[in-house]
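> no sequence on hand, only this structure:
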């Protein structure tokens, strides 16, 4: 298969001198037919993880590689799917980079330093995620469309669904600044989703101590 090659260069921030260079090569891939208004492959993208000192390189819909940020040494390279579900209406999206791992749109988790594949974070209820869009990440939550709005709790490991609310074709469940917000994005949608609304949620740990119904508990005589 024909290979595509490019050069990654690291420059000293103060002087602009080249600290290291490396060649990044990936196989060319062919996507299935899709509507002409959707983008083709993932353009070459770099993501830097300061916590692990790793530079992640994504070139197309099935390839990623990681480099040691200080030296440019390649740590690993392997095929990782940037599409899920693998249909014509979902564009390839680069993985989410967290402090010690990356997460693909399919919920697959890969160690940033070793390339080792960990347990999958989530899986769509019908063997694959239902609907278009992509996953969005933060240090605490990853949000993804599985028919309804949904989010994955990185600390607790739970997959929470907001039933009856349709995500936009572009993920509109956005974790940022301590707020989980979802501006209304189902305009023109004819699907059977009952709740057409915008919402914003904040964490309230004290809510776990609230009594059901807001009444004082009944104490037997």
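Arrived safely. Values in this document were obtained by computation on a predicted structure and should not be read as measured data. Numbers count the residues shown, from 1 in each chain.
> next one: the most centrally placed residue in the chain from residue 45, what distance?
Residue closest to the mean C-alpha point of the chain, counted by Cα atoms, centre = their mean, is residue 135 at 3.7 Å. Separation of residue 135 from residue 45 (Cβ to Cβ, to the nearest Å) stands at 15 Å. Heads up, the C-betas are built off the backbone N, CA and C, glycines and all.
> returning to what we had before: from residue 21, how far out is the residue nearest to the centre of the chain?
If you measure residue 135 against residue 21 using Cβ to Cβ, the figure is 32 Å.
> how about residue 57?
Counting by Cβ to Cβ, the gap from residue 57 to residue 21 is 13 Å.
> and what of residue 112?
Distance, residue 112 to residue 21, by Cβ to Cβ: 21 Å.
> picking up where we left off before, right, and the residue nearest to the centre of the chain touches residue 103 too?
Yes. Between residue 135 and residue 103 a contact is recorded at 7.0 Å, counting by Cβ atoms under 8 Å.
> what's the overlap in contacts for these two?
Common contacts of residue 135 and residue 103, defined by Cβ atoms under 8 Å, 6 or more residues apart in numbering, comprise 96, 142.
> tell me the contacts of residue 173?
136, 143, 145, 149, 150, 151, 162, 167, 180, 181, 182.
> between the residues you listed, which has the most around it?
residue 149 (26 neighbours; other Cβ atoms under 10 Å).
> what is the lowest-pLDDT residue among the contacts of residue 173?
Least confident entry in these, by pLDDT: residue 167, with 77.
> find the residue closest to that residue in space, skipping its chain neighbours.
With sequence-adjacent residues excluded and distances taken as Cβ to Cβ, 6 or more residues apart in numbering, residue 167 is closest to residue 145, at 3.7 Å.
> again with residue 134
The shortest distance from residue 134 to any non-neighbouring residue, by Cβ to Cβ, 6+ apart, is to residue 93 (4.1 Å).
> quick one: neighbours of the one you found, just the number.
By the criterion of other Cβ under 10 Å, residue 93 has 21 neighbours.
> so where does it fall, helix or strand?
Assessed by DSSP states H and E, residue 93 sits outside every helix and strand.
> go ahead and confirm it touches residue 135.
Yes. The pair residue 93 / residue 135 is scored as a contact, 7.5 Å apart, by Cβ under 8 Å.
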